[in-house]
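Visitor: here you go, sequence then predicted model.
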Amino acid sequence: MTLLNRLLLIVFGAGLIPIVPAGVFLFYFQSRAKDDISSLQRNVSQMGSLMMEREAQDLSRRFERMWDTDASYVNSAALERALKRNPEFLYIAFTGPDGRYILSGGAPELKRRFGYLDLGGDPLFLKASREGRAALGQFEMIYDMPVCRLVYPVGGGYYAFAAVNLRDLFEKLRAQRLGATGGLLLTDSEGNALPLSGAFEKFDGSAVRGMLKSGRAFEIEGKNGEYIGVAARVRGFDLFVVALENRAEAFSGINRITWLMAFFLLAFATAFYFSALLFTRRLGVPVDALMKGAARVSGGDFKTPVSEETEFAELSALLRSFNAMMREVDRYHGIQVEKVFEEKQKLELLVSLIHDAIILCDLRGELLYANAAARAILGVENGAPGEENEPLRRRIAGLVQKRALSKGGVVELDAAGEKKYYRASVQTLSARTQNPAVFMVLRDITLERKMQQMKEEFFHSVAHDLRAPLLTMQGYIKLLEKEFQPEAKQAGYVRNVKESSDRLFKLLENILDISRMEAGQLKPDLRPVNAAEFLSSSAESFRALFEGKRIALAVETAGAEKTEFTADSSLLRRVMENLLSNAWKFTPEGGKVTASVTAGKAGLVFSVADTGPGIPADQLETIFERYKRLKAGEGGDGFGLGLAIARKIVELHGGTIRAEGAPGGGARFLVTLKP
């Protein structure tokens, strides 16, 4: 959705807020109007009910006063006299208890109409005989006269049946009008209805009974439309007065007002919509210009300003501020570009002076940058980076693969028929805004390797040449020990000379052993060895030494008593003795050294842990190199060959050795042998 449409929706939605309470008021008005119509119909029906109740009671009283109490009234004379005194009684007939005709009198037309009476099954007769009081009902029009029937128990087991003219009452009830066509309907419970409004259609008995069953207020579908009404019962009689009105006519006024209000609301909404549309279009022009200006700025165009002409002062100020900001950003951008180029030149100069080879490529091996040293290694001329070059990609991929397969990160390369060695480091750079890249640094260590080789050859030659005279010297030292008593002063001198010669002989042996291992001349004699017995025997030879320094030595072999592995026990024992010797050397008095062996899925793990000062994290790998020791003040005497020999022996067995910090402080060495 665009900004213009959003703004139009917001403004139009705000304008429609007053319509909501207007709609609520309209709904409330309709509900109240319907309630008022129902209330009016209820009042009219109740009024007609009261009028009918008075008329029915008056008829009952007059019927009681028609007959003389001291004479027999079931005779023609009494009947004629009663008809003359009460002209509204058009026809009167007497019946026995069974409802059969005895005597009648009145208008000849009605006598012919009713003929021989047999009221045995008539509902009014049954009701009057059952309740013992007058029963009024069965309204009908006879010769344009509204007539109802009255059955009255007159005593002596006789019943009087009368047809009563209700013209006066009906005139009063017809005066109760509801709208143009609505009015009252008079009916009994059997559905015998007499409409008092000429506009009413003729309802059959079932329809009338349906009105009465619907309750006081009802809706009914007729032949001429839908009707609404309210029924009121005439108290004391099985009669009902129904106020009835055509639904369309009853709600015509409400509907007119509703449609009128709906028209005004629609007109208001339409006018407001076009006003909001015009407003948002005028407002959208500067906003659109501002958005296009921002898009140009994001694309690097700081020269094209936005138009500042608008009908809104605030937006004009905003556009002026945007143009000023764009000019300032353009100036700042120019300064930053100059600084970037300047820094780039400095960086290129600095990188060009670095002797290490620096290579930057993508994950496909495509060269992105290479300094002079890297170009010489890769054989790349100036301008080559960034060009499609499959052989170059393969050379770079080969360097990465060699670095991954090398030990210690040293890569061997051929340069002009000469082998050169480089210490390589590879790192993946993952920027959020750019594709990932591979950064590689190659440091030439060929000269260092040659010097190391010369040093090894020199030490090997010196060790080999010194070994024979040293053995001769040790023979003479043993002869001198026998010449002096142990407590003599000269015997102490001889012991010092012997210890020094032993240390020198051990150094020469270590140098020769490393040379034999690197030359592949030392082959391990592999035989089955019990892990628990091997560790216990190696540690027991040091127990006296540890007790002399008051260091607790713990040997843990639980779970490995029956575990066997294949190894050269003499060579591997030299490893354990070296680790225990170092632990004894670096652990202060009162400390503790723990030697343990465990068998797991990864293999057999020998561990030697002490409570000494520990090993710095940056030297955990350095201590395994030849002639490398802990920094001054962090260890005892030695030549830095013990751990180097230990690693060579472990690697000859196909295992690994590493150092780490112990959980309680100090250092821990782990030797892992494959099962």
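Guide: Everything's here; your move.
Visitor: and Glu249, what does it touch?
Guide: Applying C-beta atoms under 8 Å, 6 or more residues apart in numbering to Glu249 gives the contacts 179-182. (C-beta placed from N, C-alpha, C; glycine too.)
Visitor: and the furthest pair within those?
Guide: Ala180 and Gly182 (7.5 Å; C-beta to C-beta).
Visitor: more neighbours: the two, which one.
Guide: Gly182 (23 against 11; other C-beta atoms under 10 Å).
Visitor: which pLDDT value belongs to the residue lying closest to that one once chain neighbours are set aside?
Guide: Of all residues beyond its chain neighbours, the one nearest Gly182 is Glu245 (3.1 Å), with distances taken as C-beta to C-beta, 6 or more residues apart in numbering. If you check Glu245, the pLDDT there is 81.
Visitor: circling back: which one of the contacts of Glu249 is nearest to Gln345?
Guide: For the contacts of Glu249, the nearest to Gln345 is Gly179 (99.8 Å; C-beta to C-beta).
Visitor: burial check on that closest one, number of neighbours?
Guide: Look at Gly179: counted by other C-beta under 10 Å, it has 16 neighbours.
Visitor: can you report phi and psi for it?
Guide: Gly179 adopts backbone torsions of phi 70, psi -150, taken as degrees, to the nearest 10.
Visitor: surely it meets Phe251?
Guide: No: the criterion here is C-beta atoms under 8 Å, and Gly179 misses it with Phe251 at 10.3 Å.
Visitor: ok so the residue nearest to Gly182 is a strand residue?
Guide: Yes: under DSSP: H, G, I helix; E, B strand; the rest coil, Glu245 sits within a strand.
Visitor: in this structure it contacts Ala180, no?
Guide: No: look at Glu245 against Ala180 with C-beta under 8 Å: they stay out of range, at 9.4 Å.
Visitor: if I pick Lys482, what's in contact with it?
Guide: Per C-beta under 8 Å, 6+ apart, neighbours of Lys482: none.
Visitor: oh, I was asking about Ser537
Guide: Contacts of Ser537 (C-beta under 8 Å, 6+ apart): Arg573.
Visitor: tell me which element it falls in.
Guide: Here Ser537, judged by DSSP states H and E, is contained in helix 531-540.
Visitor: could you point out the helix or strand that follows that helix?
Guide: Next along from helix 531-540, by DSSP H and E: helix 543-548.
Visitor: so what strands line up beside the host helix or strand of Phe606?
Guide: Using DSSP H and E, Phe606 falls within strand 603-610. If you go by DSSP bridges, strand 603-610 pairs up with strand 592-600 (antiparallel), strand 667-673 (antiparallel).
Visitor: and Glu338, what does it touch?
Guide: Taking C-beta under 8 Å, 6+ apart as the definition, Glu338 has no contacts.
Visitor: what does Ile37 give?
Guide: Contacts for Ile37 (C-beta under 8 Å, 6+ apart) come out as 228, 245, 250-251.
Visitor: which ones are touching Gly612?
Guide: Here Gly612 is in contact with 583, 586-588, 591, 666-667 (C-beta under 8 Å, 6+ apart).
Visitor: and the strands in the stretch 101-250 of the chain?
Guide: Applying DSSP state E, counting those that start in this stretch to the stretch 101-250 of the chain gives strands spanning 101-106, 135-142, 145-155, 158-165, 183-188, 193-195, 217-222, 225-234, 239-246.
Visitor: where does pLDDT dip in the stretch 351-500 of the chain?
Guide: 352, 381-388, 407-408, 416, 431-434, 452, 455-468, 470-471, 474, 499 (pLDDT under 70).
Visitor: rerun at 50
Guide: Regions of the stretch 351-500 of the chain meeting the criterion pLDDT under 50 cover residues 383-384.
Visitor: now do the buried residues in stretch 212-231.
Guide: 212, 217-218, 220, 227-231 (16 or more other C-beta atoms under 10 Å).
Visitor: just the ones of the contacts of Gly612 in helices?
Guide: Of the positions in the contacts of Gly612, 583, 586 sit in helices, assigned by DSSP state H.
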